[in-house]
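Participant: Need coordinates for the below:
(one chain, ligands or ions: 2)
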Amino acid sequence: MVFLRNAWYVAAWSDEVSDNLLTRKILNEQVLLYRNAYGDLVATGNTCPHRFAPLHLGKLVDGAVECPYHGLRFNGEGRCVFNPDGDGRIPAGARLRSYPITERLGAAWIWMGDPARVDLSMIPDFEFLDDPDYRTVKGVLHVRANYRYINDNLMDEAHLHMVHHDSLACDMVRRAKTELVKDPDGTIWANRYGTDGAPPNIFDMMWRMTRDDYEGTMDHWVEGGWNAPSFVRNNTGVVLHGRPREEGLETKNAHLLTPETETTTHYFWAICRNFETGNDALDDGIRTGTEYAFVHEDEVMLHAVQEAMGEREFWSMKPALLQADVGAVELRRTLDRMIAAEQAEHPAATPAPRAEAVG
Ligand code: FES
Ligand SMILES: [Fe+2]
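Facilitator: Ligands and ions are numbered 1, 2, ... in the order given. The predicted structure is shown next:
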């Protein structure tokens, strides 16, 4: 399976990266992440080019990463700058790959493709992630499924009433049609609107925690917007039936998917709200509920699907499609086209040789 390489992926949340050495496999490449003496992010390969020791088991010495096996040291550009052995000559080929990396929206974004093609405008504009009016609860999970199934799942309102029956299920949304919207900037939206019904349990609970009790019915919206290669924002909210949306409760949610391998994914999630921003108990409730939904509900199903699919390609299985799949189909075709165009232009846009310095 081929990944889109000229694209940004989240390597970590910003607060995961420090002067401790962190490693994460991204697009099948083992990456080393840390901050240099200036606090700037560094991303290089994690495999020592001498005898292939994992560098994250070493330590930072004078601003360079010291390999724990024979002590070669590498700077933030991946160059070997010190050899403690013999005459100290730096061996040819003692280079690590270095990756462009930048910090935005509270996350470390890594560019896995051609460094000459780096384009900061391709980082999705999920502005609520660093809006001071919003409170964010976030985390990272490991999902045993290909990232494209998670993309699909996040744009798919038809699974809510089955997989999340205790929390997100909503009968008025189940009965609604998915509306497909394409923004001029390329964002693909799959939206559902339910009116005059009972809200999902999670919003019923949040409303009662943060507002007065209520009588009657509500309106509920679930909007999922996708940007390439694997970023989905959700706007989900409720309001008393017939009242303007601005009077309601809404969370804006970010789902940032980074392929680890063909069958596993790092899932960076964030639930953001502009109400009750000082309510720690609500934070705890959101964290517990979100992790339960992702780990015990979505992940179990996605892993089962991955196991059933094996190595087979999605379209080759001739899937039966529901109306609710309109967003997932659109984003799959869009991503297929982007990957095909990248391969046609540069068939070697597959992993660069380990010791090739690119940045
Ligand atoms: S394996 Fe890294 S210096 Fe030998
Ligand atoms: Fe789900």
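Participant: do you know how far the closest residue to residue 19 other than its chain neighbours is from residue 60?
Facilitator: Using CB to CB, 6 or more residues apart in numbering and skipping residues adjacent in sequence, the residue nearest residue 19 is residue 35, 5.4 Å away. Every residue, glycine included, has its C-beta placed from N, CA and C. Remark: distance between residue 35 and residue 60 (CB to CB, to the nearest Å) = 9 Å.
Participant: which neighbours do those two share?
Facilitator: residue 19 (CB atoms under 8 Å, 6 or more residues apart in numbering).
Participant: Could you report the neighbour count for the residue nearest to residue 19?
Facilitator: By the measure other CB atoms under 10 Å, the count of residues near residue 35 is 19.
Participant: beta partners for it?
Facilitator: Taking DSSP bridges as the rule, residue 35 bridges to residue 41.
Participant: I'd like the mean pLDDT over stretch 293-307, please.
Facilitator: Stretch 293-307 shows a mean pLDDT of 96.
Participant: in it, what counts as buried?
Facilitator: Residues of stretch 293-307 classed as buried by neighbour count (16 or more other CB atoms under 10 Å): 293-294, 297-299, 302-303, 306.
Participant: Now flag whichever of these is closest to residue 17.
Facilitator: residue 294 (22.5 Å; CB to CB).
Participant: List the residues that contact the closest one.
Facilitator: 141, 143, 267, 269.
Participant: Tell me which two of those sit farthest apart.
Facilitator: Most distant of the contacts of residue 294, by CB to CB, are 143 and 269, 10.4 Å apart.
Participant: the more surrounded of those two?
Facilitator: Per other CB under 10 Å, whichever of residue 143 and residue 269 has more neighbours is residue 143, with 23 against 20.
Participant: is it true that that one touches residue 263?
Facilitator: No. Here residue 143 lies out of contact with residue 263, judged by CB atoms under 8 Å, at a distance of 9.7 Å.
Participant: Under the pLDDT cut-off, which ranges of this protein? List them.
Facilitator: The chain contains residues with pLDDT under 70 at 347-359.
Participant: check the buried residues of stretch 293-307 against ligand 1, which are close?
Facilitator: With CB under 6 Å from any ligand atom as the criterion, those include none near ligand 1.
Participant: Closest to residue 78 out of those?
Facilitator: When the buried residues of stretch 293-307 are compared against residue 78 (criterion: CB to CB), the nearest one is residue 306, at 33.5 Å.
Participant: Check which helix or strand that closest one maps to.
Facilitator: Following DSSP states H and E, one finds residue 306 within helix 299-309.
Participant: Beyond that helix, next helix or strand please.
Facilitator: helix 326-345.
Participant: What helices and strands are in contact with that next one?
Facilitator: Packing contacts for helix 326-345, counted by 3 or more CB pairs under 8 Å, 6 or more residues apart in numbering; DSSP states H and E, involve helix 147-154, strand 179-182, strand 188-197, strand 218-227.
Participant: CA-only coordinates of the third one in CSV, if you can.
Facilitator: Listed next in CSV are the C-alpha coordinates belonging to strand 188-197 (Å, rounded to 0.1, in the frame of the first residue of the first chain):
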residue,chain,number,x,y,z
ILE,A,188,-15.2,17.5,2.0
TRP,A,189,-18.1,17.6,4.5
ALA,A,190,-20.6,14.8,5.4
ASN,A,191,-23.3,16.4,7.5
ARG,A,192,-26.5,15.2,9.2
TYR,A,193,-29.1,17.2,10.8
GLY,A,194,-31.8,15.8,13.1
THR,A,195,-34.7,17.9,14.4
ASP,A,196,-37.4,17.6,17.0
GLY,A,197,-36.2,14.5,18.9
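Participant: Quick one: the buried residues of stretch 293-307 as JSON lines, columns for distance to residue 333 too.
Facilitator: JSON lines is the format used below for the buried residues of stretch 293-307 (distance: CB to CB, whole Å):
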{"residue": "293", "distance to residue 333": "28"}
{"residue": "294", "distance to residue 333": "26"}
{"residue": "297", "distance to residue 333": "27"}
{"residue": "298", "distance to residue 333": "23"}
{"residue": "299", "distance to residue 333": "26"}
{"residue": "302", "distance to residue 333": "21"}
{"residue": "303", "distance to residue 333": "25"}
{"residue": "306", "distance to residue 333": "21"}
